[in-house]
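Trainee: Kindly return the folded structure for what I paste below:
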Amino acid sequence: MPLLQRIYSIYGTIVFFGTFLILLPIFVLTIEVPRLRKYGRKLNRLWSKVFFSCLLIRVKFENLHHLKANHQYVIVSNHFSYLDIPALGLIPFDLVFVGKASLGNVPLFGYMFKNLHIAVDRNSLKSRGASIAKAKEVIDEGASIVIFPEGGINSPHPPLLSRFKDGAFKIALDKQIPLIPITLSYNHLILPDDGKFLLRHKTAKVVIHPPIPVVGADAKMLNVLKDRCYQTIQEQLLKDNAGIGELSSVGVENS
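Mentor: A predicted model of the protein is given here:
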């Protein structure tokens, strides 16, 4: 079984980079012509579909109807695996991801990410401020934003969340657009962030929760909104992962 898993993982790596290499000329075109960049993000969806299809991994969406065409959202999701961006990339809307700057160093994928999305160095106050300003700009241009409020793959005990940071909730309040919590239930089982980079074959699950309106809310509501999103995602994670592995006695409060 370990040998088969390693072969499957090597195959997945080849698919990951091979499909990007094939699509690279089109990505370059959409990046070099600014008005075409939203089409580059559509190309992301095509790549995600091909990637998961080649791996024979089904991505099951629940409650996709909560996302309405011609509406904008600040989407917040748990982040336990490198599969999270491709999985969310399947959502059929113009989404701009805010992700860590080191993604820009990944061959091929990094070129696309840092030019079509927002890369942030979370250790730099200047970079964090610039990323929030850029996120507001792309909202003004009509896109929705996807932010991982844990600030990266930080949880030492998936499916237990790390503490949420404020950025996503400040953006939603400033722009007065709804928050959408999304739970990625099993990506940490399919591709754990354990340094081994071993893929497991399992159906992925994406649960889209009802939008949380913020119209009329101000900065005093930030912690309330943050806690509501945290609890919504955490409860779904615990429900879906009940009986899978050991959760230990680590607390699950957003403190």
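
Trainee: centroid residue for the protein?
Mentor: Centroid check for the chain by CA atoms, centre = their mean gives residue 85 as the closest residue, at 4.2 Å.

Trainee: who's in contact with that residue?
Mentor: Residue 85 makes contacts with 97, 99, as judged by CB atoms under 8 Å, 6 or more residues apart in numbering. Where C-beta positions appear, they are placed from N, C-alpha and C, glycine not excepted.

Trainee: That one and residue 95, how far apart?
Mentor: 10 Å (CB to CB, to the nearest Å).

Trainee: what does residue 131 give?
Mentor: According to CB to CB, residue 131 stands 15 Å off from residue 95.

Trainee: Compute the number of surrounding residues for residue 53.
Mentor: Using other CB atoms under 10 Å, residue 53 has 12 neighbouring residues.

Trainee: Same check on the one 10 residues further on?
Mentor: Applying other CB under 10 Å, we find 12 other residues in the vicinity of residue 63.

Trainee: Now do the same for the residue nearest to the centre of the chain: helix, strand or coil?
Mentor: Classification of residue 85 using DSSP: H, G, I helix; E, B strand; the rest coil returns helix.

Trainee: Show the model's pLDDT score for it.
Mentor: As predicted, residue 85 sits at a pLDDT of 96.

Trainee: and residue 144, how many neighbours does it have?
Mentor: Counted by other CB under 10 Å, the residues lying close to residue 144 total 20.

Trainee: which residues touch it?
Mentor: Residue 144 makes contacts with 71, 72, 73, 74, 75, 93, 94, 95, 96, as judged by CB under 8 Å, 6+ apart.

Trainee: 7 Å instead, please
Mentor: Remark: with contacts taken as CB atoms under 7 Å, 6 or more residues apart in numbering, residue 144 is in contact with 72, 73, 75, 93, 94, 95.

Trainee: cool, and residue 206?
Mentor: Per CB under 7 Å, 6+ apart, neighbours of residue 206: 59, 61, 87, 182, 184.

Trainee: Send me the helix or strand hosting it as CSV with only the CA atoms.
Mentor: According to DSSP states H and E, residue 206 maps onto strand 204-208. Output of strand 204-208 as CSV, limited to C-alpha atoms (Å, rounded to 0.1, in the frame of the first residue of the first chain):
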residue,chain,number,x,y,z
ALA,A,204,-13.4,15.8,-1.1
LYS,A,205,-16.2,17.7,0.4
VAL,A,206,-16.9,21.5,0.2
VAL,A,207,-19.7,22.8,2.4
ILE,A,208,-20.9,26.3,1.6
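
Trainee: Run the chain-centre distance for that strand.
Mentor: On the basis of CA atoms, centre = their mean, to the nearest Å, strand 204-208 is displaced by 12 Å from the centre of the chain it belongs to.

Trainee: ok, for residue 30, nearest residue in space, not its chain neighbours?
Mentor: Spatial nearest neighbour of residue 30, excluding adjacent residues (CB to CB, 6 or more residues apart in numbering): residue 40 at 3.1 Å.

Trainee: Would you mind checking the average pLDDT for whichever helix or strand the one you found is part of?
Mentor: In this structure, residue 40 sits in helix 37-54 according to DSSP H and E. Averaging pLDDT along helix 37-54 yields 95.

Trainee: Next, the buried residues of it.
Mentor: Within helix 37-54, the residues that count as buried by 16 or more other CB atoms under 10 Å are 37, 38, 40, 41, 43, 44, 45, 47, 48, 50, 51, 52.
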